[in-house]
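Visitor: show me the folded form of this:
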Amino acid sequence: MDCRIEDLNEDGRGRAHVDGRTVLASQALPGELIRLRPDLSTRGTIQGRVARLIQPAAERIAHECAHEFHCTGCPLVAAERAFELNWKQDKLRAVCRELTGNDAVLEPMRSPGSPFGYRYFAKQMFGRAAGRTVLGSFVMGTHHVTSNRGCPVHAAPLQAVLDAVADLAEEMRLPVDGGAGRPGLTHVLARQSRATGAIQIVLGVRNVDTEGPRTMLARLREQQPSVTGVHVLFQAAATNVLAAGELVFSDGAPCIEEELLGLRHQIGPLEFFQVNPESAEVLFQRALDALGHGGEVLDLYAGGGVLSLPLLQRFASIHSVEADASACARLRERAAQDGLAGLRVHCGRVEDVLEEILMDSPATAALCDPPRKGLGPRVRELLARSGLQRVVLLACSPDSLLKDVPAFLAERWRVQCVAGVDQFPRTGHVEALCLLERD
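Guide: Next up, the predicted model:
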């Protein structure tokens, strides 16, 4: 099927329309004429990859990725950098105009660092391709794994270790999970510390007998001195949550240490931490500047305290709210160890504990870093009707601002600024910050 790409959809894939159906092609740019290789067809949509680039766009550039038109993880891998950033800024501009009627509050897009080599955390699936075991990602819309060997988006030392994992799995003929009745290796979670260079590996399995995976990880540590901690994660059934399951084996360092905003943090094998530390620092610094200084502040969805700790340098006391028990325990341990008397940790879902905190606390500001879905109705209502004077929202998707901010506007708040940070170059994602103040 030949088609002319008209524009990009929300996740950055090229979009066209053929015979009343929407065509989506990863790594295709507006204006290009392509021949599509379909991967998934539904009644109204055809999703696929470029089988042949017939007429390239002027914005297409040469790059170092060998997996163009195979891997779909980076839909903008061949886009000129200025084109990518302008497109992302336009997404935020549309949000500002819908919320405020203009884009006067929009700040210039921040794009720290390089568009390659920025990922210090990888989630890779095991699969079989051309008769070999590979590590890679699912082709969008399918469960077909395509190899990411030598991926230039990952930090180079991290990718070298991932390639070594794939080689060892192939050399040892370890089974790869193939569904019911054929358990084996499923995925790898790999994290490198930008501060120390240490690498942490979690090997996902669906096989009760873990002797083979344990032997493979021992050989990996012999080959790769940067690997300081290895773990085996058993998952009895298929799940989209790759960090879910039971750690049945661990060897070496239980955590790796990372640094953000001048502070060190211990990261366990299944704990969330920033994928791109360099751009995360830029986003977090802008959030801290937006909050300013004061007496008491709320840090909602606090995780392991990446923002709670630097907030203590600006505010007298902090209420940190986090649902993950292990993250709360680590933050409490840090507070006791460092004598942080002004830090109060609340372990629970924000929607369950926020009302009581707001009733008892004289806090005047809040920092919110919710999951991709945003605050949700209960939290946005409590915050909007509270006595707070300033709220900073961090959004994984600009669309979540369209869900959360109107509740504040209805209670006589105003949007003071919106700022974007390109934390995931070559993809359609853009992180956003919104500062709200009482009118």
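Visitor: so what does the helix or strand of the chain with the lowest mean pLDDT touch, helix or strand wise?
Guide: Least confident helix or strand of the chain, by mean pLDDT, DSSP states H and E, is helix 325-338 with a mean of 90. Counting contacts by 3 or more C-beta pairs under 8 Å, 6 or more residues apart in numbering; DSSP states H and E, helix 325-338 is packed against strand 315-322, strand 343-347. For every residue, glycine as well, the C-beta is placed using N, CA and C.
Visitor: tell me which residues are up against that helix.
Guide: Residues from elsewhere that reach helix 325-338 (C-beta atoms under 8 Å, 6 or more residues apart in numbering): 266, 268, 270-272, 302-305, 308-309, 320, 322, 340, 343, 345-347.
Visitor: narrow those to those that are buried.
Guide: Buried subset of the contacts of helix 325-338 (neighbour count, 16 or more other C-beta atoms under 10 Å): 266, 268, 270-271, 302-305, 308-309, 320, 322, 340, 343, 345-347.
Visitor: which stretches of this structure have low pLDDT?
Guide: The model of the chain has pLDDT under 70 over residues 178-181.
Visitor: tell me the domain ranges of it?
Guide: Domain assignment for the chain by automatic domain parsing gives 2-77, 107-113+276-438, 121-260.
Visitor: how about these, which one is nearest residue 99?
Guide: domain 107-113+276-438 (5.4 Å; C-beta to C-beta).
Visitor: the closest one: end-to-end distance?
Guide: End-to-end distance for domain 107-113+276-438: 20 Å, by C-alpha to C-alpha, to the nearest Å.
Visitor: go on, stretch 6-15?
Guide: Stretch 6-15: ends 6 Å apart by C-alpha to C-alpha.
Visitor: identify each buried residue in it, please.
Guide: The neighbour-count check on stretch 6-15 (16+ other C-beta under 10 Å) flags 8, 12-15 as buried.
Visitor: the helices and strands packed on helix 325-338: which one's closest to residue 408?
Guide: Once the helices and strands packed on helix 325-338 are compared by C-beta to C-beta, strand 315-322 is nearest, at 18.8 Å.
Visitor: quick one: the closest one to strand 343-347, angle?
Guide: If you take axes from the mean of the first three to the mean of the last three C-alpha atoms, to 10 degrees, strand 315-322 sits at 10 degrees to strand 343-347.
Visitor: strand 315-322: partners in the sheet, and parallel or antiparallel?
Guide: strand 294-300 (parallel), strand 343-347 (parallel) (DSSP bridges).
Visitor: circling back to that earlier point, report the two of the buried residues of stretch 6-15 separated the most.
Guide: 12 and 15 (10.0 Å).
Visitor: quick one on the thing from earlier: residue 76 is nearest to which of the strands paired with strand 315-322?
Guide: strand 294-300 (31.4 Å).
Visitor: any idea how far the closest one is from the chain center?
Guide: 25 Å (C-alpha atoms, centre = their mean, to the nearest Å).
Visitor: that one to helix 325-338, inter-axis angle?
Guide: 150 degrees.
Visitor: same for the longest helix along the chain, what does it pack against?
Guide: Secondary structure of the chain per DSSP state H: the longest helix is helix 81-100. Helix 81-100 sits against helix 398-409, strand 413-421, with contacts defined as 3+ C-beta pairs under 8 Å, 6+ apart.
Visitor: switch the cut-off to 10 Å
Guide: strand 7-8, helix 398-409, strand 413-421, strand 431-438 (3 or more C-beta pairs under 10 Å, 6 or more residues apart in numbering; DSSP states H and E).
Visitor: for residue 182, grab the count of nearby residues.
Guide: A count of nearby residues for residue 182, using other C-beta atoms under 10 Å, gives 11.
Visitor: wait, it touches residue 206, no?
Guide: Yes. The criterion here is C-beta atoms under 10 Å, and residue 182 meets it with residue 206 at 8.9 Å.
Visitor: let me have the domains of the chain in TSV, extended by distance to residue 84.
Guide: Below are the domains of the chain laid out as TSV (distance: least, C-beta to C-beta, whole Å):
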stretch	distance to residue 84
domain 2-77	5
domain 107-113+276-438	7
domain 121-260	13
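Visitor: coming back round to it: quick one: the longest helix of the chain to chain centroid distance?
Guide: That offset, for helix 81-100, works out to 20 Å (C-alpha atoms, centre = their mean).
Visitor: beyond that helix, next helix or strand please.
Guide: Following helix 81-100 in sequence order, the next helix or strand is strand 121-129 (DSSP states H and E).
Visitor: so what's the residue count around residue 142?
Guide: 13.
Visitor: ok, the closest residue to residue 414 other than its chain neighbours to residue 264 distance?
Guide: Nearest non-adjacent residue to residue 414, counting by C-beta to C-beta, 6 or more residues apart in numbering: residue 439, 4.6 Å away. Distance of residue 439 to residue 264, given as C-beta to C-beta, to the nearest Å: 40 Å.
Visitor: same drill for those two, tell me which one is more crowded.
Guide: For residue 439 versus residue 264, the count of surrounding residues by other C-beta under 10 Å is larger for residue 264: 13 against 9.
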